[in-house]
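> quick one: sequence and predicted model below, then my questions.
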Amino acid sequence: MNGALEHHIPPEEREYVCQARNLHFGWRPEEPILAGADLSVQPGEFVIVTGESGHGKSTLLRLLAGLERPWGDPLGKVLLFGEDLWEVEIGRLRQLRRQAGFVFQNSALISNMTVEQNIAVPLRYHTDMTEGQITDKCRFWVDRLLLSGHENKRPALLSLGMQRRAAVARAMVLEPRLLFMDEPLAGLDARNVETMLSLIANLRALQDVAIVMVSHDLQPARLLGGKISLLLDGKLRAPRGLSELLKSGDLREKDLVRSQAGLKESEG
């Protein structure tokens, strides 16, 4: 981070890789999607955002990553690495976004490129690496995401699980401090879910990357720990552990978490 810029960031804000403060958003004023959402994520932290379908979770993720912004004068703030995304100039916004990888729900791989070419895109766009350095870096992530032998295939020839892993590799190739993941387990079979969760655990352990994940599936919280923030009625409830939420006195919270964690009525 630029020293002069860092000097103007209050110490308490430097402690977070991303924050939402009283965030409001809606495609139309009369139909708000977010109505005062608050979230603070520390370095290395793992936070799952969940809630009912169609209530703004993916929109929230895009806002946090700087891929979306409200129309007109925004109400609230989004801070990435302590800097207000709606106040910084465009060049600085690009610098901040390079430090935050994003895995889209549909993977968003470029169809006429191979796996390795897709992974290389951020390196070609954001770095001055030589061809040899780019190849070495891509091969490293191909190996880490269990894609060896498939690096020269185009996305259409990959299974859904491989497509997701390729998307994670592309998001991680710049070694970001923060990774946003939009429903990375959606549509995967049990074996691929297990593989993806193992890889996410490795990313946390080896890369020390903070992760903000939108998911209807709370298996990551059961197996990897982390905290869960419920998006209900346009507001984000404070992140809590799975066991704490299962003991909640709020039946709406408790029932939602139990169903998404795959627990029966008698469990939890």
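Now that the structure is in, tell me what you want to look at.
> contacts only, for E194.
Applying Cβ atoms under 8 Å, 6 or more residues apart in numbering, we find E194 in contact with no residue. In this view, the C-beta of every residue, glycine as well, is placed from N, C-alpha and C.
> what pLDDT does it get?
Confidence at E194, expressed as pLDDT, is 94.
> so which strand or helix has it?
Taking DSSP states H and E as the definition, one finds E194 inside helix 190-207.
> buried sites along that helix?
Within helix 190-207, the residues scored as buried using 16 or more other Cβ atoms under 10 Å are 192-193, 195-197, 199-200, 203-204, 207.
> same check, this time on stretch 103-112
103-105, 107, 109.
> now these as a markdown table including secondary structure?
As requested, those are exported to a markdown table (DSSP: H, G, I helix; E, B strand; the rest coil):
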| residue | secondary structure |
| --- | --- |
| V103 | strand |
| F104 | coil |
| Q105 | coil |
| S107 | coil |
| L109 | coil |
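> tell me the SS of the residue lying closest to V209 once chain neighbours are set aside?
Spatial nearest neighbour of V209, excluding adjacent residues (Cβ to Cβ, 6 or more residues apart in numbering): L179 at 5.1 Å. Secondary structure, three-state DSSP: L179 is strand.
> residue contacts, V78?
So V78 contacts 18-21, 23, 63-64, 66, 69, 84-86 (Cβ under 8 Å, 6+ apart).
> one more: T135?
E116.
> just the ones in helices from the contacts of V78, please.
Counting by DSSP state H, the members of these that fall within helices are 63-64.
> would a markdown table of the contacts of V78 with distance to S148 and neighbour count be doable?
Output for the contacts of V78, formatted as a markdown table (distance: Cβ to Cβ, whole Å; neighbours: other Cβ atoms under 10 Å):
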| residue | distance to S148 | neighbour count |
| --- | --- | --- |
| C18 | 33 | 26 |
| Q19 | 38 | 20 |
| A20 | 38 | 21 |
| R21 | 43 | 15 |
| L23 | 41 | 24 |
| L63 | 36 | 24 |
| L64 | 33 | 27 |
| G66 | 33 | 20 |
| R69 | 39 | 14 |
| D84 | 42 | 15 |
| L85 | 37 | 22 |
| W86 | 42 | 15 |
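> format the contacts of V78 as CSV; extra columns: distance to Q117 and pLDDT.
As requested, the contacts of V78 are exported to CSV (distance: Cβ to Cβ, whole Å; pLDDT from 0 to 100):
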residue, distance to Q117, pLDDT
C18, 29, 95
Q19, 35, 96
A20, 34, 94
R21, 39, 93
L23, 36, 90
L63, 30, 92
L64, 28, 94
G66, 25, 90
R69, 30, 78
D84, 35, 93
L85, 30, 91
W86, 33, 88
